[in-house]
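1. Here's a sequence, model it:
(chains A and B)
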Protein chains: 2
Amino acid sequence: MKLLVRVRYDGTAYCGFQVQPNGTSVQAVLCRAAEDVFGFPVNVTGCSRTDAGVHALAFVAALEPKDESCRGSSWCTIPAGRVHRAFAHVLPPDVAVTGAAFVPDDFHPRYGVVSKEYIYRISDAPADDPFLRGRVCRRPKITEAGEGLMREAMLLFLGTHDFAGFMAAGSKITDTTRTVSAVSLTRDDDGCLVFAVRADGFLYNMVRIMAGTLLDVAAGHKTLADVRRAVTEADRGAAGFTAPPEGLYLRDVTYSEPIPWACD
Amino acid sequence: MKLLVRVRYDGTAYCGFQVQPNGTSVQAVLCRAAEDVFGFPVNVTGCSRTDAGVHALAFVAALEPKDESCRGSSWCTIPAGRVHRAFAHVLPPDVAVTGAAFVPDDFHPRYGVVSKEYIYRISDAPADDPFLRGRVCRRPKITEAGEGLMREAMLLFLGTHDFAGFMAAGSKITDTTRTVSAVSLTRDDDGCLVFAVRADGFLYNMVRIMAGTLLDVAAGHKTLADVRRAVTEADRGAAGFTAPPEGLYLRDVTYSEPIPWACD
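-> Residues are numbered from 1 along each chain as shown, chains lettered A, B, ... in the order given. Alright, predicted model coming up:
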């Protein structure tokens, strides 16, 4: 039995999810918290890496005792619906467990992913918003025409493509084909432009390069033909800049079976 | 000529708007920033005091040179639409100017107020939200029945009443009659319950005691009869607790004439 936790975090202070040689990771914070909660060392496996400064609304991590002798069906005696409370006492205020579920031992939070959704938030208001610092990408005003072009461009991402044109240099991944199943562009309560994209998987920096490409299209630095070439010919030069991490949020992760999240 | 600025701030780090013997005030931060922008000392007058930890979405402050010899129609040479940019360079990230306008010398940002609107945000989700820390009042789950009672209770605030029952002890105000012209209770994008109230003026802690009263009604600690007595008999004991400052936001201030806010 593994304990799955759904984690929400403000990534501003972290070097990303995964433990890194320099900087504090969310994974390290969760490991420490889990050991405080259970009283023995716990392995924490995440559904993805996220970059420094990237946020998560519903990250999924699997917990199990590090020592095999501690494993078994009864290592976690806290009811799933109460797990968030136990963690609330030991986690820093920028990380919270928002739900938990028990899953079989063979469940893997990364290999089992069917789709993930990221959002990228852009604030194009003339003035900075103190409530959004570190949580949005700041841009000059995007006109309605620019927004229309972004909408046209994002539709080109839909479908199965070799997305090597939307991958940061230096990535060791060889299979760069991914299937984008949904895209949208909306304005939220805070007046921010929100680009949402769902796919079966994402390459390194893929969403940030997609967002940067859309922003370049809105600004007239890239054309729809450039975006089409970036998608169909896997041409990194035809795609846009890598938008900064602070606008990016992991919003949803789905598996072949729905997770019975509990949070009382 | 006075320069009016619309100010948005996260009040977490401040002792309130007004300069206080202990703690940093938003007023002091604005004074320092204005002197940096204009090169001479500037008086800053606010539309209201706000408590420590209280936020503002659209606070109004009037600026004029401290030295009378500097005054006149041309002391500010920055176009109103550009003022937010000049301040963006010198203000800390939790305070921002979001608009500016020139008004006649006899305009007073506090005495001229026709109405103000405050909102009070309550998060009753089972888990803490890292993106809302310091920005909402945390409460246990409010049932639909509880929400219904809050809605009934808030309607009792409407109209002209002696609101002494909704004033913190120790206030020196003697005329405690105010007119509440609008109330509402909605859920926002973040799932928070938002109580909004507009009045021609507010007593010390009035909105926080109103919010606390509604929460006490939802929790069954107060009845609608208690609230009616608090309103009609100005009975502080019949009203509820003083809800904490972090849920409170000044959202809007109106004057007899609309302010021609500019922000390019």
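2. Send me stretch A:107-117 as CSV with only the CA atoms.
-> These are the backbone C-alpha positions of stretch A:107-117, laid out as CSV (Å, rounded to 0.1, in the frame of the first residue of the first chain):
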residue,chain,number,x,y,z
PHE,A,107,1.0,2.4,-8.5
HIS,A,108,3.6,4.8,-9.8
PRO,A,109,2.8,8.5,-9.7
ARG,A,110,4.9,9.3,-12.8
TYR,A,111,4.8,6.3,-15.0
GLY,A,112,1.1,5.9,-14.4
VAL,A,113,0.2,9.4,-15.6
VAL,A,114,-2.4,9.4,-18.4
SER,A,115,-2.5,13.2,-18.8
LYS,A,116,-1.3,16.4,-17.1
GLU,A,117,-2.6,19.9,-17.3
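3. Now find how far off-centre that stretch is within its chain.
-> 12 Å (C-alpha atoms, centre = their mean, to the nearest Å).
4. buried set for that stretch?
-> Counting neighbours by 16 or more other C-beta atoms under 10 Å in any protein chain shown, one finds that the buried residues in stretch A:107-117 are A:107, A:109, A:112, A:113, A:115, A:116, A:117. Every C-beta, even on glycine, is put in place using the N, C-alpha and C of the backbone.
5. contacts for it?
-> The set of residues that contact stretch A:107-117 without belonging to it, under C-beta atoms under 8 Å, 6 or more residues apart in numbering or on different chains, is A:2, A:4, A:45-48, A:60-62, A:181-182, A:196-202, A:250-256.
6. Enumerate the residues of chain A near chain B.
-> A:8-10, A:55, A:84, A:88, A:93-99, A:125-131, A:133, A:135, A:188-190, A:263-264 (C-beta under 8 Å from any C-beta of the partner chain).
7. 7 Å instead?
-> Taking C-beta under 7 Å from any C-beta of the partner chain as the test, the list of chain A residues beside chain B reads A:8-10, A:84, A:88, A:93-98, A:126-131, A:133, A:188-189, A:263-264.
8. could you flag which of those residues are buried?
-> Neighbour counting by 16+ other C-beta under 10 Å classes A:8-10, A:84, A:94-98, A:126-131, A:133, A:263 among those as buried.
9. just so I have it, where are all the strands in the stretch 1-150 of chain A?
-> Per DSSP state E, counting those that start in this stretch, the stretch 1-150 of chain A has strands spanning A:2-9, A:42-46, A:55-65, A:95-103, A:113-123, A:137-138. These are given in chain order.
10. picking that back up, narrow the residues of chain A next to chain B to those in helices?
-> In this view, the residues of chain A next to chain B that belong to helices under DSSP state H are A:84, A:88.
11. Report the buried members of the contacts of stretch A:107-117.
-> The neighbour count (16+ other C-beta under 10 Å) marks A:2, A:4, A:45-48, A:60-62, A:196-199, A:201-202, A:250-251, A:253-255 as buried among these.
12. Export the strands of the stretch 1-150 of chain A as TSV, with columns for mean pLDDT.
-> Output for these, formatted as TSV (pLDDT from 0 to 100):
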stretch	mean pLDDT
strand A:2-9	97
strand A:42-46	96
strand A:55-65	97
strand A:95-103	97
strand A:113-123	98
strand A:137-138	98
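13. With distance to residue B:208 added, can I get those in JSON lines?
-> JSON lines is the format used below for these (distance: least, C-beta to C-beta, whole Å):
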{"stretch": "strand A:2-9", "distance to residue B:208": "27"}
{"stretch": "strand A:42-46", "distance to residue B:208": "40"}
{"stretch": "strand A:55-65", "distance to residue B:208": "30"}
{"stretch": "strand A:95-103", "distance to residue B:208": "25"}
{"stretch": "strand A:113-123", "distance to residue B:208": "30"}
{"stretch": "strand A:137-138", "distance to residue B:208": "33"}
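14. Could you pull up the contacting residues of residue A:234?
-> Contacts for residue A:234 were tallied using C-beta atoms under 7 Å, 6 or more residues apart in numbering or on different chains; they are A:162, A:164, A:165.
15. run the last query once more with 10 Å
-> Under the criterion of C-beta atoms under 10 Å, 6 or more residues apart in numbering or on different chains, the neighbours of residue A:234 are A:161, A:162, A:163, A:164, A:165, A:166, A:167, A:176, A:177.
16. which among these gets closest to chain B?
-> Here the nearest of those to chain B, counting by C-beta to the nearest C-beta, is residue A:166; it sits at 27.2 Å.
17. got the contact list for that closest one?
-> With C-beta under 10 Å, 6+ apart as the criterion, the residues that contact residue A:166 are A:157, A:176, A:178, A:180, A:202-210, A:212-213, A:230-231, A:234-236, A:239-240, A:242.
18. swap in residue A:209?
-> Contacts of residue A:209 by C-beta under 10 Å, 6+ apart are A:163, A:165-168, A:203, A:230, A:236, A:239-243.
19. Residue A:226: which element?
-> Secondary structure here is read from DSSP states H and E; on that basis residue A:226 sits in helix A:224-232.
20. Output the contacting helices and strands for that helix.
-> Counting contacts by 3 or more C-beta pairs under 10 Å, 6 or more residues apart in numbering or on different chains; DSSP states H and E, helix A:224-232 packs against helix A:144-155, strand A:159-162, helix A:206-218.
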